[in-house]
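1. Sequence and predicted structure below; questions after.
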Amino acid sequence: MAKTWDLDKVRNIGISAHIDSGKTTLTERILFYTGRIHAIHDVRGKDGVGAKMDSMELEKERGITIQSAATNVHWGETEINIIDTPGHVDFTIEVERSLRVLDGAVLVLCGVAGVQSQSITVDRQMRRYNVPRIAFINKLDRSGANPFRVTDALREKLRHNAVMMQIPIGLEDAHAGVVDLVTMKACYFEGEHGEKIVEKDIPEELLESAKKYRQEMIGKVADFDDELGEKFLMEEEPTVEEIMRAIRKGTLSLELTPVFMGSAYKNRGVQKLLNAVTDYLPSPKEITNEGLDLDNNEEKVKLDTDPDKPLVALAFKLEDGRFGQLTYMRIYQGTMRKGDFIYNMANGKKVKVPRVVRMHSDEMQDIESAAAGDIVALFGVDCASGDTFTDGKVNIAMTSMFVPDPVISLAVRPKDKSGADNFTKALQKFRKEDPTFRVHRDEESNETIISGMGELHLDVYVERMKREFKCEVVTGQPQVAYRETISQVGPYDYTHKKQTGGSGQFAKVVGRMEPIPPEEEKNYEFSDNITGGRIPREFIPAVDKGFQEAIVKGTLIGYPIVNVRMHLDDGAYHDVDSSEMAFRICAIAAFRQAYEKAKPIALEPLMKLEVSAPEEFQGNVMGQINQRRGMISGTQTQEGFVTVEAEVPLSEMFGYSTELRSATQGKGEFTMEFSRYNPVPRNVQEELVKEYQKKREEEAKK
């Protein structure tokens, strides 16, 4: 294996898009053309088999991708590791963790709907990890498909320098193939599954249009290559190699997005896309990866994609397979062999590599070793998602990935006592697998609370407990993750005294709390302004600790407090009676004193909502959004469909999917993702305060 490992011929790519743009269908065709599978099954296939990459029963039933699946294919001499990621916003962590370890991506767009809300989110994630991408406009066989409009949307909505590399030969029912603007050939996909690519001269009626778009394409890519730029200015004809070299340079510098097109479902355009992946997306050598040097104050160090250097690998995804925990690893540097000892940088534990496999959705193939630039899976390695492994020669950790906070909670308990063990096992497993899935016990009500990114996210986990762990659960009402904050400065001046025989307790703190503007994105900050030894230095951390304990639960509606800066300006102590504990207790009481004066307010999560439905239902859709305290930010009409964008409080969105279906005869769809926290209206705040007080009174009676 190691001898033939040529890094220039390796691509690690992800396929991401808005829900229902055809990612999984596209991946299915890629597997077929690369000889990985010998029959094509569709996502909601009549044959009941389902797409290869949707291996989970739930995925087959719902026709959506829940977990990102990995596979490995060969296209010509190039080895491609592909990760098919979910499009649904509730599974956003799957996209984050995949992009964290990938070198390039294919952004799939629907030829009819174009750039949708989730395409924008995925694009933001690609930018966060500096992932070069190419775009594929899918579904050109559908009525209303228009790749020219979608390319314009890429430029306007996503600010991409999007350049068409192809133009369609016919659209909708007449879609027959594509014109390749680089080689100036018409490509048709013939045979039962479009496996035969037939190149012909460009049809007469498309020739003028092809020349125009080719000229436009060369003009844009000429910016990335001086030789090509000169030829363009002199109006000389460039060679195919020169054009391809310039496209590659532009793509790798993230300043160009080449646009390809076709219909995965009708088997058109997929092979050309595979060529583009090998021609324009980077090999592992062309990407700069950085780690943090733990011996040197977490300074950034560059990692070399070199199989002979010390090993550095990142566990980016965990799954419980039939044979125990399966850990997906991206190897950034060095080589990992079966039987080697590796060290987990998070806890310093040494583990033996019992088995290295190459994944193909839910099938696997054993391999002896894997080198830098590869993505493989290991069995029997106990770790958490995001842990770094090395061979012990270096002390390096990879930077962690971005994990959004959950916005919705649900109280759950096993239906009967016999399921308690399995219930605990399921929660532990899901927590390890998914960093956005949180579990905690509510001390007051003694309930187990699960939190996640949306209703569908938690629904899927409740359903998985039933199927995978044979544990039926009872769920309570969904709870919104409210927050509390302050609206003005609140001073405090508090003395804590306690005298009960022997040594007492004494501490005094004086200062103020002030709101932090939300754009600073800080939940809490401590400012120590003590001079002249008014409080001994060793007690200052105890004051900070007390404040931090106090923000965990506010006194207004019982939710965490955010955006607060605590200033400690003065205080006093006693030589004998002062202690860390006295200052901590004093700080908690001082915080509450100031909090009352700082006019606390409740905040609620606002969601970005995008609804699309046939035009005749526009009034119903907008009426429903207004009823739910929504603020409509824009509407667009395309091909008889209207798309409404709005911001709506999450608390008003429960049961929305059922209502939308009945108001649009089942034709409306929506996507929703967290946008920001916003103060709740006064009448809603009063309700929340009443509820919280009632709950506290009930607890007190118990």
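-> Sure, I can see it. This is a predicted model, so every value here is computed, not measured. Residues are numbered from 1 along each chain as shown.
2. what about the lengthiest strand in the chain, distance to the chain center?
-> Longest strand in the chain, counting residues (DSSP state E): strand 600-614. Centroid separation between strand 600-614 and its chain, computed with Cα atoms, centre = their mean, to the nearest Å, is 19 Å.
3. Quick one: mean pLDDT over the next helix-or-strand element following it.
-> Moving toward the C-terminus from strand 600-614, the first helix or strand encountered (DSSP states H and E) is helix 618-627. For helix 618-627, the mean per-residue pLDDT is 91.
4. mind listing what's buried in the longest strand of the chain?
-> By 16 or more other Cβ atoms under 10 Å, the buried positions in strand 600-614 come out as 600-613. From N, CA and C alone the C-beta is placed, and that goes for glycine too.
5. Let me know the angle separating that strand from helix 618-627.
-> For strand 600-614 against helix 618-627, the angle by axes from the mean of the first three to the mean of the last three Cα atoms, to 10 degrees is 170 degrees.
6. Check which helices and strands strand 600-614 sits against.
-> Judged by 3 or more Cβ pairs under 8 Å, 6 or more residues apart in numbering; DSSP states H and E, strand 600-614 is in contact with strand 483-486, helix 618-627, strand 641-649, strand 669-679, helix 682-701.
7. That one pairs with which strands, parallel or anti?
-> Its sheet considered, strand 600-614 pairs with strand 483-486 (antiparallel), strand 641-649 (antiparallel), strand 669-679 (antiparallel) by DSSP bridges.
8. Kindly indicate which of the buried residues of strand 600-614 lies nearest residue 351.
-> For the buried residues of strand 600-614, the residue nearest residue 351 by Cβ to Cβ is residue 605; the value is 39.4 Å.
9. these two touch, right, that closest one and residue 479?
-> No - Residue 605 is beyond contact range of residue 479, at 11.4 Å (criterion: Cβ atoms under 8 Å).
10. for the buried residues of strand 600-614, which one is nearest residue 668?
-> Closest to residue 668 out of the buried residues of strand 600-614 is residue 613 (3.6 Å), distances taken as Cβ to Cβ.
11. what residues are up against that closest one?
-> 620-621, 641-642, 660, 664, 667-669 (Cβ atoms under 8 Å, 6 or more residues apart in numbering).
12. What's the ChimeraX syntax to select whichever of these are buried?
-> Entered in ChimeraX, the line below selects the buried ones among the contacts of residue 613, by 16+ other Cβ under 10 Å:
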select :620,621,641,642,660,664,668,669
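13. Considering the contacts of residue 613, which is situated nearest to residue 687?
-> When those are ranked by distance to residue 687 (Cβ to Cβ), residue 660 comes first, at 25.2 Å.
14. Which residue ranges of the stretch 201-350 of the chain form strands?
-> Along the stretch 201-350 of the chain, counting by DSSP state E, counting those that start in this stretch, strands occupy 257-261, 289-293, 299-303, 312-321, 324-333, 335-337, 341-344, 350-352.
15. Can you list the strands that the fourth one pairs with?
-> What that stands for is strand 312-321. Here, using DSSP bridges, strand 312-321 pairs with strand 324-333 (antiparallel), strand 388-390 (antiparallel).
16. helix, strand or coil for the closest residue to residue 283 other than its chain neighbours?
-> If the residues on either side of it in the chain are set aside, residue 283 comes closest to residue 8, at 5.1 Å by Cβ to Cβ, 6 or more residues apart in numbering. For residue 8, the assignment made with DSSP: H, G, I helix; E, B strand; the rest coil gives helix.
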